[in-house]
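J.: Please work out how this folds:
(chains A, B, C and D)
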2 protein chains.
Amino acid sequence: MRGMDYVTSLFARKVVAAAGSGIDAAAMLAQVGIDPDAPWNPGQMIPAARYYAMLEAIAGQIDATDLPIRTGASMRLDEYGALGLAFKAATTLGASYARVERYARLWTSVVEYELRPTTGGTLFILHRAGDRHLGMRLSNEATLASAVSIARQVCPVPLSPVEVLIRHPAPPRVAAHEAWFGCPVRFGAGLDAILYDDETLARPNILGDEGISHYLAAHLDAELSELTTEPPLVTQARAAIAQALSEGTPKMAEIARGLGLSARSFHRRLSDHGMTFQTLTEETRRDLAEGLLRDESHSLAEIAFLTGFSEQSAFTRAFKRWVGTTPASYRKRLSHG
Amino acid sequence: MRGMDYVTSLFARKVVAAAGSGIDAAAMLAQVGIDPDAPWNPGQMIPAARYYAMLEAIAGQIDATDLPIRTGASMRLDEYGALGLAFKAATTLGASYARVERYARLWTSVVEYELRPTTGGTLFILHRAGDRHLGMRLSNEATLASAVSIARQVCPVPLSPVEVLIRHPAPPRVAAHEAWFGCPVRFGAGLDAILYDDETLARPNILGDEGISHYLAAHLDAELSELTTEPPLVTQARAAIAQALSEGTPKMAEIARGLGLSARSFHRRLSDHGMTFQTLTEETRRDLAEGLLRDESHSLAEIAFLTGFSEQSAFTRAFKRWVGTTPASYRKRLSHG
DNA sequence: AGCCTTTTGACCGCTGCGGCCAAGGCGCGG
DNA sequence: CCGCGCCTTGGCCGCAGCGGTCAAAAGGCT
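T.: A predicted model of the protein is given here:
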């Protein structure tokens, strides 16, 4: 998933639910690769382009003006995994948003968030590159609404921003937007952002706790560090190894050649990063296995094959050591949240 | 630290602080291997026998009757690391104690805890093997007091047990015990335990949260699974490798022979566990490095040597990849909590 | 252009990994 | 007791990774 334009399937499911009975829900979910009858898989990612297309298809069937607001309103912190927990446990609302600013990149490369002090308070800015066609417009509105929705879940008193700024032109009606946000919503602004006054951001969260917050941040920092310190060459090698694993364990020389290096030079580069090719191969196998287990269309035998194990039993044993449970058990746990 | 009789240095520091000015604090801490002038190292473990001896030495200098109570009263949940966080985030007090029952073994092999339903409520039992000489008696009282102390930190209302049971005979005075626990304290009982009524154990904790609790439990479960599913042979191999690393990377055949196996059979055993010798060696190196970094008497150069790296720079690179920060930075972070 | 430093790539000894096969040990049934 | 089947063990070996060595190539600076 790294480096590719994916978003979490959570938004797709929520949008379809918020759209109500005016659309064919099953067809919409199938359009983005979600099995409508399967239990929800929290880790499933879907291509961003397909998500935008689905939003546009929904807008073609029903009046979607208020859809982003209803979608955002339905978001729950516990549906955001570790980031949601970190948001909840942060000591103040401002610290919560700082968590999003720092760690959202662990989940998606499509958007980035920024906290920016300004006159009258602090802006929580949503950066999303690309053309502002209808799908992305709806998606941006939903994202801003969800950012306020989760804030309301950690705040001990009713909460509204000072103002919401949206870059694209206004839809036909904005009454629902302003009613829900509880503040003016300015379309055609220079950026997509929520403006909070600093008193609001300094308010302690209901479940804020320094110890838990620190623990969660340490774990997220470790993941982030891996993402940001890894040389591009190593990342490319991971992708090449993952691609080659279905044909058995790739040889270092093959991977090196694919990257334009001799085996010895490739070896040196890995060593500079404190790593060996065998370790890289094993990590890649593990990551690939965990990812494939989230995608329920692959059988366990198929995953063993795709991860380059000559026997399913060897895959089971390795996976059990990595994660602590068997692949089947792990998948069962994923399905039931 | 695995499999050896160690306890956390936290208790030693707290006992010395609770003992007040009647003892030579620096000498007592030095007796168990704690540098009195260094910042506190939360991960430092000390031999249990030494801890008991220190308690007895303190009792030889001051009246230690109330010392366990004062020690227990000073314990803070945030000083218990991940277990303290899990205790705090559990949804009820009973679930908090269930966390201790399940995960305490990750920290020490000296004691075990058990929740046992009985008439009038549920017993939280402390199991500690060995002779009940004075050091252990004081330690048991302090442990029970701390178990109540941390419960009082998650409970929204004042909390007392129904009764406290202690196996060893009563000290000269028990008034401070009963005043502090807020219930009868029965010495000479059949076991060491706290009796709570079930209504108390069902009470929601102040910061109880299902999502956070589940996340913390999952992480602790992964650690526990590693501890409980690892074959003894693999554990022994780890110890042998750690021992041999200061002489450079040990060869598989040497380690195998030390365990009474041929290299091929040893290799098979590892494979049955889903592991290779190289992976085992690397994990051992990492564990050893992290442990040695907690012990401030070793320089970074020395740790690189003890973990079998031919150059400190190679150690730094590998450590950075493992943990996300340099060894020096990691140590600095440990010192400042 | 010359010089110095760094990087590259070929080579190679050592060791781990895993397949293969024969020998030995154990348990069970006749 | 003996024969048979199954499982474990250990030796052997081909392949590939790991890391040291050295000469050649590349890059940077004056």
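J.: contacting residues around A:Ile62?
T.: A:Ile62 makes contact with A:Ala19, A:Gly20, A:Gly22, A:Ile23 under the criterion C-beta atoms under 8 Å, 6 or more residues apart in numbering or on different chains. For every residue, glycine as well, the C-beta is placed using N, CA and C.
J.: Now do the closest residue to the first one other than its chain neighbours, the pLDDT please.
T.: Pointing back at A:Ala19 there. Nearest residue to A:Ala19, sequence neighbours excluded (C-beta to C-beta, 6 or more residues apart in numbering or on different chains): A:Ile58, at 5.3 Å. The model reports A:Ile58 with a pLDDT of 92.
J.: do the same with A:Met1
T.: We have a pLDDT of 38 for A:Met1.
J.: residues contacting the residue nearest to the spatial centre of chain A?
T.: Geometric centre of chain A, nearest residue: A:Trp107, 3.1 Å, by C-alpha atoms, centre = their mean. Neighbouring residues of A:Trp107 by C-beta under 8 Å, 6+ apart: A:Thr8, A:Gly81, A:Leu83.
J.: returning to that earlier point: may I ask which two of the contacts of A:Ile62 are separated the most?
T.: Spatial extent of those (C-beta to C-beta) is set by the pair A:Gly20 and A:Ile23 at 7.5 Å.
J.: Strands along the stretch 151-300 of chain A, start to end?
T.: Taking DSSP state E, counting those that start in this stretch, the strands of the stretch 151-300 of chain A run over residues A:163-166, A:185-187, A:192-196.
J.: what about A:Val100, how many neighbours?
T.: 21 (other C-beta atoms under 10 Å in any protein chain shown).
J.: so what's it closest to, chain neighbours aside?
T.: A:Tyr113 (5.2 Å).
J.: what residues does the stretch 201-337 of chain A put near DNA strand D?
T.: Residues of the stretch 201-337 of chain A lying near DNA strand D by C-beta under 7 Å from any atom of the strand: A:250-253, A:263-264, A:267, A:270-271, A:276-279.
J.: Can I get the residues you listed in JSON lines including neighbour count and pLDDT?
T.: Converted to JSON lines, these look like this (neighbours: other C-beta atoms under 10 Å in any protein chain shown; pLDDT from 0 to 100):
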{"residue": "A:Pro250", "neighbour count": "20", "pLDDT": "93"}
{"residue": "A:Lys251", "neighbour count": "13", "pLDDT": "93"}
{"residue": "A:Met252", "neighbour count": "19", "pLDDT": "93"}
{"residue": "A:Ala253", "neighbour count": "15", "pLDDT": "92"}
{"residue": "A:Ala263", "neighbour count": "15", "pLDDT": "93"}
{"residue": "A:Arg264", "neighbour count": "11", "pLDDT": "93"}
{"residue": "A:His267", "neighbour count": "17", "pLDDT": "94"}
{"residue": "A:Leu270", "neighbour count": "22", "pLDDT": "92"}
{"residue": "A:Ser271", "neighbour count": "14", "pLDDT": "90"}
{"residue": "A:Thr276", "neighbour count": "16", "pLDDT": "92"}
{"residue": "A:Phe277", "neighbour count": "20", "pLDDT": "94"}
{"residue": "A:Gln278", "neighbour count": "15", "pLDDT": "93"}
{"residue": "A:Thr279", "neighbour count": "16", "pLDDT": "92"}
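J.: Out of those residues, the closest to A:Ser160 would be?
T.: Using C-beta to C-beta, these come closest to A:Ser160 at A:Thr279, 50.4 Å.
J.: tell me the contacts of the closest one?
T.: B:Thr279, B:Glu282.
J.: Now do it against A:Arg238, distance only.
T.: A:Thr279 sits at a distance of 11 Å from A:Arg238 (criterion: C-beta to C-beta, to the nearest Å).
J.: again, but for A:Ala89
T.: Note on A:Ala89: its distance to A:Arg238, by C-beta to C-beta, is 31 Å.
J.: the more surrounded of these two?
T.: Under the criterion of other C-beta under 10 Å, the comparison of A:Ala89 against A:Arg238 puts A:Ala89 first, with 30 against 19.
J.: Would you tell me what the next helix or strand after the strand or helix carrying A:Thr316 is?
T.: Secondary structure assigned from DSSP states H and E places A:Thr316 in helix A:312-323. Using DSSP H and E, the helix or strand that directly follows helix A:312-323 along the chain is helix A:327-335.
J.: quick one on the thing from earlier: in JSON lines: the contacts of A:Ile62, plus distance to B:Gly211, secondary structure and neighbour count.
T.: Putting those into JSON lines (distance: C-beta to C-beta, whole Å; DSSP: H, G, I helix; E, B strand; the rest coil; neighbours: other C-beta atoms under 10 Å in any protein chain shown) gives the following:
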{"residue": "A:Ala19", "distance to B:Gly211": "27", "secondary structure": "helix", "neighbour count": "22"}
{"residue": "A:Gly20", "distance to B:Gly211": "28", "secondary structure": "helix", "neighbour count": "11"}
{"residue": "A:Gly22", "distance to B:Gly211": "32", "secondary structure": "helix", "neighbour count": "11"}
{"residue": "A:Ile23", "distance to B:Gly211": "30", "secondary structure": "coil", "neighbour count": "19"}
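J.: and of those residues, the nearest to A:Ser139?
T.: Lowest distance from A:Ser139 to the contacts of A:Ile62 (C-beta to C-beta) belongs to A:Ala19, with 13.8 Å.
J.: And the nearest residue in space to A:Ala170 that is not next to it in sequence, how far from A:His133?
T.: Nearest residue to A:Ala170 in three dimensions, chain neighbours excluded: A:Phe187, at 3.7 Å (C-beta to C-beta, 6+ apart). Using C-beta to C-beta, A:Phe187 is found at 16 Å from A:His133.
J.: Please apply the same query to A:Asp63.
T.: 18 Å.
J.: quick one on the thing from earlier: identify the bridge partners of the residue nearest to A:Ala170.
T.: Taking DSSP bridges as the rule, A:Phe187 bridges to A:Ile166.
J.: Next, count neighbours for it.
T.: Neighbours of A:Phe187 using other C-beta under 10 Å come to 16.
J.: Ok, A:Pro232 next?
T.: Neighbour tally, A:Pro232, other C-beta under 10 Å: 8.
J.: Any part of the helix holding A:Thr316 near DNA strand C?
T.: No: judged by C-beta under 7 Å from any atom of the strand, helix A:312-323 stays clear of DNA strand C, getting no closer than 7.6 Å.
J.: just to revisit the earlier point, can you list which of the contacts of A:Trp107 are found in strands?
T.: Judged by DSSP state E, those include A:Thr8 as members of strands.
J.: need the contact list for the closest residue to DNA strand D within the stretch 101-250 of chain A.
T.: The nearest approach of the stretch 101-250 of chain A to DNA strand D comes at A:Pro250, 6.9 Å away (C-beta to the nearest atom of the strand). Under the criterion of C-beta under 8 Å, 6+ apart, the neighbours of A:Pro250 are A:Ala240, A:Ile241, A:Ala244, A:Thr281, A:Gly308.
J.: So what's the predicted local confidence for the closest residue to the fourth one other than its chain neighbours?
T.: Just to be clear, that refers to A:Thr281. Take A:Thr281 and drop its neighbours on the chain: the residue closest to it by C-beta to C-beta, 6+ apart is A:Ile241, 5.7 Å away. According to the prediction, A:Ile241 has pLDDT 93.
J.: Check the contact between A:Ile241 and A:Glu282; I expect there is one.
T.: No: at 9.9 Å, A:Ile241 does not count as touching A:Glu282 under the criterion of C-beta atoms under 8 Å.
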